[in-house]
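# give me a 3D structure for the following:
(2 chains, ligands or ions: 2)
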Amino acid sequence: MGSITLSNVKKAFGDTVVIPSIDLEVNNGEFVVFVGPSGCGKSTLLRMIAGLEDTSGGTIAIDGQDVTDLSAAKRGLAMVFQSYALYPHMTVRKNIAFPLKMAGLPAVEVDKRVAAAANVLNLNDYLDRRPGQLSGGQRQRVAIGRAIVREPTAFLFDEPLSNLDAALRVNMRLEISELHQTLGTTMIYVTHDQVEAMTMADKIVVLQAGRVEQVGSPLDLYRNPRNKFVAGFIGSPKMNFIDGEEAAKENAATIGIRPEHIELSTESGRWKGTVAVSEHLGSDTFVYVNVDGVGHLTARVEGERPVSHGDTVWLSPVAGRIHRFDAQDMTL
Amino acid sequence: MATAKSNVAARIMISPAVLLLLAWMLIPLSMTLYFSFLSYNLLSPGMERWIGFLNYEYFLTDPAFFSALTNTLILVLGVLIVTTIGGTLLALLLDQPIWGQGIVRILVIAPFFVMPTVSALVWKNMFMNPVNGLFAYVAKSVGLPPFDFLAQAPMLSITGMVAWQWLPFATLILLTALQSLDREQLEAAEMDGAGPFSRFFHIILPHMARAITVVILIQTIFLLSTFAAILVTTNGGPGYASTNITYLVYSQSLLQFDVGGGSAGGVVAVIIANIVAIFLMRMIGKNLEA
Ligand SMILES: Nc1ncnc2c1ncn2[C@@H]1O[C@H](COP(=O)(O)OP(=O)(O)OP(=O)(O)O)[C@@H](O)[C@H]1O
Ligand SMILES: [Mg+2]
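Ligands and ions are numbered 1, 2, ... in the order given. This is a model prediction of the structure:
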């Protein structure tokens, strides 16, 4: 079991209120991702769940049991830190065995569990090395190994992949997702990379300035963002926002269209503009267009399109894919 | 900078400094060695003659030598134990966020800036004096007879004074080591179920091992030659109860005017210091490797 319930949780550092009030339900076995811009309180929230940070108000419950005043050690959670936080003077084996040793498990059992974790994470060749002698990806795996041996009720990850290069990040992303499938344990994962959020999550929690903007499945947030902030945060490239006359035509203060929902034509269409930059990725082409009276728009078209700087193009939104927002930035 | 030419140039450039340093060290050392084989007393000038190892024989068979050797080791070990343990505990305390942290830190460092002679005199006259001292006053006020520290427990008293003087040094170095520990490691250990004691012994202490080694090595060098604290408090007494090797050499050559015997003692002291250094490096030197 590993369900986590936050009710009316608050956090203030002295006079600065970082989290005004948050209610959140994490179901057993779910992969929940916290996303949001830098400084919005993701790490703080995670650390409060972990028990590393006191709550200024409200309650945190794990499996229905109030743990708000329980120490980190007693909550039965495991955390993977951004800096890995491996113990530099211990070998990989000792690092992974540390939580078991602290729990007072017999040596035979410790060895068995360390071996099992090393197998799952492909760490067998490195067990007798020190963390200083490992690559970033290997260190990350050791940190995960140290978390899984304890068989915690839930895993907490704080931007675990942000120190890795792009290729390794994709790999580790898959490995963590696979681990979640195998173990079936609840995981809470903090990131500000919305691709990680979209690909890994069962449920995404979008945070801004300590408030929950929206909670939902990745596609739910993609299709039905509750407000302009969520609409702009989820999806890559970012959604185009148009206000003024064009928005008024749709009876909205602002309208939003995702780049992939814009059709590009060299002959005719709704908006006429000039290509500023076109990025050819092979599978897709991102075209940045200056449209008179509307502004900059980004279009994403499939395949290789032979447009380049200075070309005149026409853009038209796909019918039914226009998001409308009112003056308070809420979805209409 | 690593070409053959630049290496030759570098050697030529530093040679004057090296030569000066060599002369600076070699001349006194060889003169000490030379004197140690002479019968050379300042009270009978012009009577110097070569007597071989006789000075060494006298120095090493002198009953004072053995007690001086033990006293030296007691002093060094005692001060090391007090300062490393006390320094670690103080560093742990000073690392806590407390009100007036800056001032408290300066107060803790202060004893290091007091000259050894001054601190020893203050301890001797204001604290340990059996008539006027603060300790005697406290003892009398609770109805106990005053304790004459320097007469009845001279080594313990001197160890205490020297430890008081060196505690700030140890604290300062250990505090910087403590502050360089990654907080996330401690948090990770906390999540891993380690209580305060486990965290201290498994995470904090290994992290501080190198700093503790440095503290021990540096202090040993200075403590082997402790002199001022003994000179101004007990003069090595009662008897030889608080004479260490350095003080014995002093009393040989300057109180008895025996330059030959003093030189032999000096050479013996150098040899002892080297033996201690070898032992120390064997025991804790591996902590210094990266
Ligand atoms: N100890 C502290 N004292 C005062 N303010 C703090 C403290 N720790 C964090 N904050 C503030 O709380 C806010 C949220 O910080 P937090 O670390 O949770 O952000 P984050 O969402 O994890 O950002 P990032 O994506 O950059 O890691 C920030 O504005 C930060 O300045
Ligand atoms: Mg953070």
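# ok, now how distant is A:Ala72 from B:Leu186?
Using Cβ to Cβ, to the nearest Å, one gets 11 Å for the distance from A:Ala72 to B:Leu186. C-betas here are computed from N, CA, C, even on glycine.
# now swap in B:Phe279 and tell me
Distance, B:Phe279 to B:Leu186, by Cβ to Cβ: 34 Å.
# also A:Tyr87?
For A:Tyr87, the distance to B:Leu186 - Cβ to Cβ - is 10 Å.
# the two: which has the busier surroundings?
A:Tyr87 (22 against 18; other Cβ atoms under 10 Å in any protein chain shown).
# assess the claim that that one and A:Asn95 are in contact.
Yes - shown here, A:Tyr87 and A:Asn95 form a contact pair, counting by Cβ atoms under 8 Å, at 5.5 Å.
# ok, now which ones touch B:Asn55?
Going by Cβ atoms under 8 Å, 6 or more residues apart in numbering or on different chains, B:Asn55 touches B:36-39, B:260-261, B:263-264.
# if we can go back for a sec, anything in contact with each of A:Tyr87 and B:Leu186?
B:Ile203.
# for chain B, what's the nearest residue on the stretch 151-300 of chain A?
A:Leu156 (8.5 Å; Cβ to the nearest Cβ).
# leaving out chain neighbours, which residue sits closest to that residue?
Excluding its sequence neighbours, the residue lying closest to A:Leu156 (Cβ to Cβ, 6 or more residues apart in numbering or on different chains) is A:Met79, at 4.3 Å.
# sheet-wise, list the partners of the helix or strand hosting the one you found with their directions.
Secondary structure assignment for A:Met79, by DSSP states H and E: strand A:77-80. According to DSSP bridges, strand A:77-80 forms sheet pairs with strand A:154-158 (parallel).
# ok, the strand it pairs with near ligand 1 or not?
No - shown here: strand A:154-158 not in contact with ligand 1 (Cβ under 6 Å from any ligand atom), separated by at least 7.4 Å.
# past that strand, which element shows up next along the chain?
Next helix or strand after strand A:154-158 toward the C-terminus (DSSP H and E): helix A:166-183.
# quick check, central residue of chain B?
With distances taken as Cα atoms, centre = their mean, B:Leu223 lies nearest the centre of chain B, 1.4 Å away.
# residue contacts, A:Pro99?
With contacts defined as Cβ under 8 Å, 6+ apart, the neighbours of A:Pro99 are A:78, A:146, A:149-150, B:192-193.
# closest to B:Thr61 among those residues?
Using Cβ to Cβ, B:Asp192 comes nearest to B:Thr61 of these, at 59.4 Å.
# now for whichever residue of the stretch 101-250 of chain B sits closest to ligand 1: which residues touch it?
Residue of the stretch 101-250 of chain B nearest ligand 1, by Cβ to the nearest ligand atom: B:Arg183 (10.8 Å). For B:Arg183, no contacting residues are found, by Cβ under 8 Å, 6+ apart.
# A:Phe81 versus that one, what's the distance?
10 Å.
# so how many other residues sit close to B:Ile221?
For B:Ile221, the neighbour count with other Cβ under 10 Å is 14.
# quick one: distance of the helix-or-strand element of chain B with minimal mean pLDDT to the chain centre.
Lowest on mean pLDDT, DSSP states H and E among the helices and strands of chain B sits helix B:149-152, with a mean of 78. With Cα atoms, centre = their mean, to the nearest Å as the basis, helix B:149-152 stands 21 Å off its chain's centre.
# following the chain onward from it, which element is next?
Assignment by DSSP H and E places the next element after helix B:149-152 at helix B:154-179.
# now do the helix or strand following that next one against strand A:154-158, angle only.
Using DSSP H and E, the next helix or strand after helix B:154-179 towards the C-terminus is helix B:183-191. With axes from the mean of the first three to the mean of the last three Cα atoms, to 10 degrees applied, the angle from helix B:183-191 to strand A:154-158 works out at 180 degrees.
# helices along the stretch 51-200 of chain B, start to end?
Here the stretch 51-200 of chain B has its helices, by DSSP state H, counting those that start in this stretch, at B:54-61, B:63-94, B:101-109, B:116-122, B:134-141, B:149-152, B:154-179, B:183-191, B:196-199.
# okay, those helices in a markdown table with distance to B:Thr233 next?
Below are the helices of the stretch 51-200 of chain B laid out as a markdown table (distance: least, Cβ to Cβ, whole Å):
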| stretch | distance to B:Thr233 |
| --- | --- |
| helix B:54-61 | 24 |
| helix B:63-94 | 13 |
| helix B:101-109 | 24 |
| helix B:116-122 | 5 |
| helix B:134-141 | 14 |
| helix B:149-152 | 6 |
| helix B:154-179 | 6 |
| helix B:183-191 | 43 |
| helix B:196-199 | 39 |
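# just give me the lowest mean pLDDT stretch among these.
Per-stretch mean pLDDT for these is lowest at helix B:149-152 (a mean of 78).
# what's it packed up against?
In terms of contacts (3 or more Cβ pairs under 8 Å, 6 or more residues apart in numbering or on different chains; DSSP states H and E), helix B:149-152 is packed against helix B:154-179.
# what's the average pLDDT for the helix or strand where B:Ile27 lies?
In this assignment (DSSP H and E), B:Ile27 forms part of helix B:4-35. For helix B:4-35, the mean pLDDT works out to 88.
# how about stretch A:98-108?
91.
# what residues does the stretch 1-150 of chain B put near chain A?
Taking Cβ under 8 Å from any Cβ of the partner chain, no part of the stretch 1-150 of chain B reaches chain A.
# and the closest residue to ligand 1 within the stretch 1-150 of chain B, how far from A:Val301?
Nearest residue of the stretch 1-150 of chain B to ligand 1 (Cβ to the nearest ligand atom) works out as B:Pro97 at 11.1 Å. From B:Pro97 across to A:Val301, the span is 57 Å (Cβ to Cβ).
# those two - which one has more neighbours?
A:Val301 (18 against 5).
# would the more buried one count as being in a strand?
Yes - judged by DSSP: H, G, I helix; E, B strand; the rest coil, A:Val301 forms part of a strand.
# count the neighbours of residue 161 for me.
Let's take chain A. 24.
# that answer is for a different chain, and I need it for chain B
Quick note: B:Met161 (other Cβ under 10 Å) scores 27 neighbours.
# got a list of what the closest residue to it other than its chain neighbours touches?
Of all residues not flanking B:Met161 in the chain, B:Trp123 sits nearest, at 4.7 Å (Cβ to Cβ, 6+ apart). B:Trp123 is in contact with B:157, B:160-161, B:164, B:233, counting by Cβ under 8 Å, 6+ apart.
# number of nearby residues for the spatially closest residue to B:Phe200 that is not a sequence neighbour?
Excluding its sequence neighbours, the residue lying closest to B:Phe200 (Cβ to Cβ, 6+ apart) is B:Leu92, at 7.8 Å. Per other Cβ under 10 Å, the neighbour tally for B:Leu92 reads 16.
# if I look at B:Leu92, how far off is B:Pro154?
Computed as Cβ to Cβ, the B:Leu92 to B:Pro154 distance reads 32 Å.
# now do B:Leu254
Counting by Cβ to Cβ, the gap from B:Leu254 to B:Pro154 is 21 Å.
# which ones are touching the residue nearest to B:Phe200?
Here B:Leu92 is in contact with B:178, B:200, B:204 (criterion: Cβ under 8 Å, 6+ apart).
# same question for B:Thr72.
By Cβ under 8 Å, 6+ apart, the residues touching B:Thr72 are B:224, B:244-246, B:272.
# mind doing that once more with 10 Å?
Neighbour list for B:Thr72: B:223-226, B:243-248, B:269, B:272-273, B:276 [criterion: Cβ atoms under 10 Å, 6 or more residues apart in numbering or on different chains].
# so which strand or helix has the residue of chain A positioned farthest from its centre?
Outermost residue of chain A with respect to the C-alpha centroid, by Cα atoms, centre = their mean, is A:Glu267; its distance is 39.9 Å. In the assignment (DSSP H and E), A:Glu267 maps to no helix and no strand.
# okay, now B:Leu178: neighbour count?
18.
# next one: the one 3 residues further on
Counted with other Cβ under 10 Å, the burial measure for B:Leu181 works out to 15 neighbours.
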